[in-house]
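Q: Pasting a predicted model and its sequence here:
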Amino acid sequence: MEEKGGGILRSTLFWQGWSFAATVAAVFAFAVNVEYPVDGHAPDYVAIVGDSAEPLWVVNADLEDGVINVRAGTATTPGEDQVFRLWVARQDDALPIGVLPVNRARETYSMNSTVRAILAHGQTLGVSRGPAADPNGEPAEVSFDYQATLTRL
């Protein structure tokens with residue numbers, strides 16, 4: 001006599017229920033992690049800075065409020081007494097924005113009028129690695145470890 005069924009793993013109903021539960025869990029996880037703007041407006045520009053494997057930082061520029069918000073992704077401290085710095089990467093001279101956060105931290109920088117005007121036309125951001133305490137001020141020539149273009153939302 002032939003056995004009917006074949007167990008729960010051969011049941012279409014089981015797999016339909018399992019896929020429905022997984023979909024609901026994924027939607028819930030996404031909704032919990034989305035950051036909604038408190039006052040109703042979103043940043044003007046966004047850039048994901050890093051290599052092709054993983055983003056190191058997510059940068060949001062809000063020209064209305066005059067701030068740049070940076071959230072560290074996979075970025076870790078580059079070395080002893082070393083930091084990552086964020087720049088507006090211009091052809092003739094780079095403009096410093098600030099020291100970047102690491103280890104999933106966040107940082108907010110105020111934009112001066114020059115940076116705000118430049119970012120209003122879209123720009124490339126650059127990240128350099130250098131000493132934490134720079135005794136001579138800003139370097140004359142900056143070399144970037146990472147670059148990303150700001151994209152208007």
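A: Now that the structure is in, tell me what you want to look at. Numbers count the residues shown, from 1 in each chain.
Q: per-residue confidence at the residue nearest to Gly66 when sequence neighbours are not counted?
A: Excluding its sequence neighbours, the residue lying closest to Gly66 (C-beta to C-beta, 6 or more residues apart in numbering) is Met111, at 4.8 Å. Just so you know, the C-beta spots here come from the backbone N, C-alpha and C atoms, and that holds for glycine as well. Per-residue pLDDT puts Met111 at 90.
Q: Also Ile97?
A: Ile97 is assigned 91 on the pLDDT scale.
Q: Excluding sequence neighbours, find me the nearest residue to it.
A: Using C-beta to C-beta, 6+ apart and skipping the chain neighbours, the partner closest in space to Ile97 is Leu86 (4.3 Å).
Q: Against Val70, how distant is the one you found?
A: Per C-beta to C-beta, to the nearest Å, Leu86 is found 7 Å from Val70.
Q: which residues are in contact with both of these two?
A: Applying C-beta atoms under 8 Å, 6 or more residues apart in numbering, one finds that Leu86 and Val70 are jointly contacted by 57, 59, 100, 109.
Q: Just the pLDDT for Trp87.
A: Reported pLDDT for Trp87: 91.
Q: before we move on, what about Ala133?
A: Note on Ala133: pLDDT of 72.
Q: Next up, the contacts around it.
A: Contacts for Ala133 (C-beta under 8 Å, 6+ apart) come out as Asp81.
Q: before we move on, what about Val102?
A: Contacts of Val102 (C-beta under 8 Å, 6+ apart): 72, 75-77, 84.
Q: same check, this time on Ala105
A: By C-beta under 8 Å, 6+ apart, the contact list for Ala105 reads Ala72.
Q: What residues sit buried inside the helix or strand hosting the residue nearest to Ile97?
A: For Leu86, the host element (DSSP states H and E) is strand 82-89. Residues of strand 82-89 classed as buried: 83-89 (neighbour count, 16 or more other C-beta atoms under 10 Å).
Q: From the residues you listed, pick the one nearest Ala117.
A: Using C-beta to C-beta, Val88 is the member of these that lies nearest Ala117, at 10.6 Å.
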